[in-house]
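Peer 1: Just the structure for this:
(one chain, ligands or ions: 1)
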Amino acid sequence: MNKSDSERMANFLEELGYETTEEKYKADLVIINTCGVRQLAEDRIYGFVPRIKKENPKVKIVITGCLSGRTDVQRRMNDYVDLWLLTKDMTKLAEFLNKADKRELPDSYLKIKPKYDSTFSALVPIGNGCDNFCTYCVVPHARGREVYRPAEDIINEVKELVGKGYKEIILIAQNVNSYESIINYELSITNKGNGRKINKKINFAELIRLVNDIPGNFWIRFATSHPKDMSDELIKALAECEKACHHIHLPVQAGDDEILARMNRKYTVEHCGLSWRKQKAVRRISEVGQRGKFRYDIHRQIQPTARYGCAENERRRFQAGEEKSRIGFD
Ligand code: SF4
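Peer 2: Below you'll find the model as predicted:
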């Protein structure tokens with residue numbers, strides 16, 4: 001998500017007359033899009049920011065991303081930072097840089113066109129923020145509550161990308177599968193519907209179907225899914241949409257109900273797919289959809305979680321690799 005936000009920010013700055021430079025110690029403006037999930041990423045700004053200011057005292061430094069709303073970080077770095085900018089307030093950059101005059105600014109930063117990093121694969125945000133408040137996570141505090149992009153905007157962006165030859169469309173949000181939007185939309189934009197208009201609330205499964213209907217040869221991927229919102233309707237849509245990749249990434253986080261409850265994950269091990277019932281359902285959908293192979297892989301972490309307490313820790317997870325068993329079938 002941060003990468004995609006940076007793509008939007010890059011284009012916004014170009015529209016304001018700025019150019020990118022590799023010379024970070026000579027730039028007029030340095031924007032650091034921070035991550036607060038891992039301590040190492042946070043620690044890096046404590047060395048990097050003062051060094052930039054020391055080398056180039058005239059530089060303007062903006063901190064955005066997860067750390068921008070953290071008061072402890074602000075207290076520590078205030079002497080070096082010119083603007084603390086929440087990601088959703090990206091358009092405030094224009095005012096900060098005295099470039100807001102006579103400029104029509106979008107009401108949502110997701111309406112800013114991105115400067116895509118790749119010519120093959122594009123990240124397409126479908127929303128921002130999170131309502132789940134897992135106990136270990138900064139995202140709802142840093143990004144705010146869930147806000148979803150209108151389906152029309154998403155379809156139009158994907159259509160434009162496919163027209164330019166992009167082959168991989170990755171729909172992204174903190175929780176893609178809690179997507180919800182009112183759609184008021186003419187289906188002739190896809191290759192189905194014969195100009196029929198619809199006006200209704202749609203969920204992520206229906207969004208996948210709409211993106212799948214856009215003419216062209218491309219793959220659909222998405223990240224990240226919350227296990228509690230991984231519905232049978234979505235699995236069915238993935239099985240039936242020929243452009244959707246045969247891959248579901250589910251951050252199960254822990255394989256123990258008590259730890260899941262302490263993480264405030266709002267599902268149990270049984271729910272998130274370790275049950276044979278769910279696996280059989282996927283196999284059945286795969287057969288009905290005649291799609292060849294459809295994989296549903298679950299990383300089971302019951303033992304490492306019980307031993308180490310938190311499956312998020314990369315190092316410990318690596319150590320626990322041998323204890324991890326993989327449930328999967330074709
Ligand atoms: S669902 Fe994901 S983004 Fe939201 S609070 Fe939990 S870990 Fe963070």
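
Peer 1: Check the burial of the nearest residue to Ala41 once chain neighbours are set aside by counting its neighbours.
Peer 2: Excluding the flanking residues, the one nearest Ala41 by CB to CB, 6 or more residues apart in numbering is Cys35, at 4.2 Å. (C-beta placed from N, C-alpha, C; glycine too.) Other residues near Cys35 come to 17 when the count uses other CB atoms under 10 Å.

Peer 1: same question, Cys134
Peer 2: Other residues near Cys134 number 17, with proximity taken as other CB under 10 Å.

Peer 1: Name the nearest residue to the residue in the stretch 151-300 of the chain that the ligand sits nearest to, ignoring sequence neighbours.
Peer 2: Residue nearest to the ligand within the stretch 151-300 of the chain (CB to the nearest ligand atom): Gln174, separated by 4.1 Å. In space, Gln174 comes closest to Cys130 once its chain neighbours are excluded; the distance is 4.2 Å by CB to CB, 6+ apart.

Peer 1: Are we agreed that the one you found is in a strand?
Peer 2: No. If the criterion is DSSP: H, G, I helix; E, B strand; the rest coil, then Cys130 is coil and not within a strand.

Peer 1: Just confirm it contacts Glu146, I think it does.
Peer 2: Yes. Counting by CB atoms under 8 Å, Glu146 is a contact partner of Cys130 at 6.0 Å.

Peer 1: joint contacts of these two?
Peer 2: 174-175 (CB atoms under 8 Å, 6 or more residues apart in numbering).

Peer 1: Counting neighbours, go ahead and name the busier of those two.
Peer 2: Cys130 (22 against 18).

Peer 1: That one and the ligand, how far apart?
Peer 2: According to CB to the nearest ligand atom, to the nearest Å, Cys130 and the ligand sit 3 Å apart.

Peer 1: for that residue, what are its contacts?
Peer 2: The neighbours of Cys130, taking CB under 8 Å, 6+ apart as the test, are 137, 139-140, 143, 145-146, 174-175.

Peer 1: Kindly report the same for Arg209.
Peer 2: 237, 240-241.

Peer 1: Point out the residues in the stretch 151-300 of the chain that sit beside the ligand.
Peer 2: 174-175, 226 (CB under 6 Å from any ligand atom).

Peer 1: Including pLDDT, secondary structure and neighbour count, could the residues you listed go into JSON lines?
Peer 2: What follows is these, written out as JSON lines (pLDDT from 0 to 100; DSSP: H, G, I helix; E, B strand; the rest coil; neighbours: other CB atoms under 10 Å):
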{"residue": "Gln174", "pLDDT": "93", "secondary structure": "coil", "neighbour count": "21"}
{"residue": "Asn175", "pLDDT": "94", "secondary structure": "coil", "neighbour count": "20"}
{"residue": "His226", "pLDDT": "91", "secondary structure": "coil", "neighbour count": "21"}
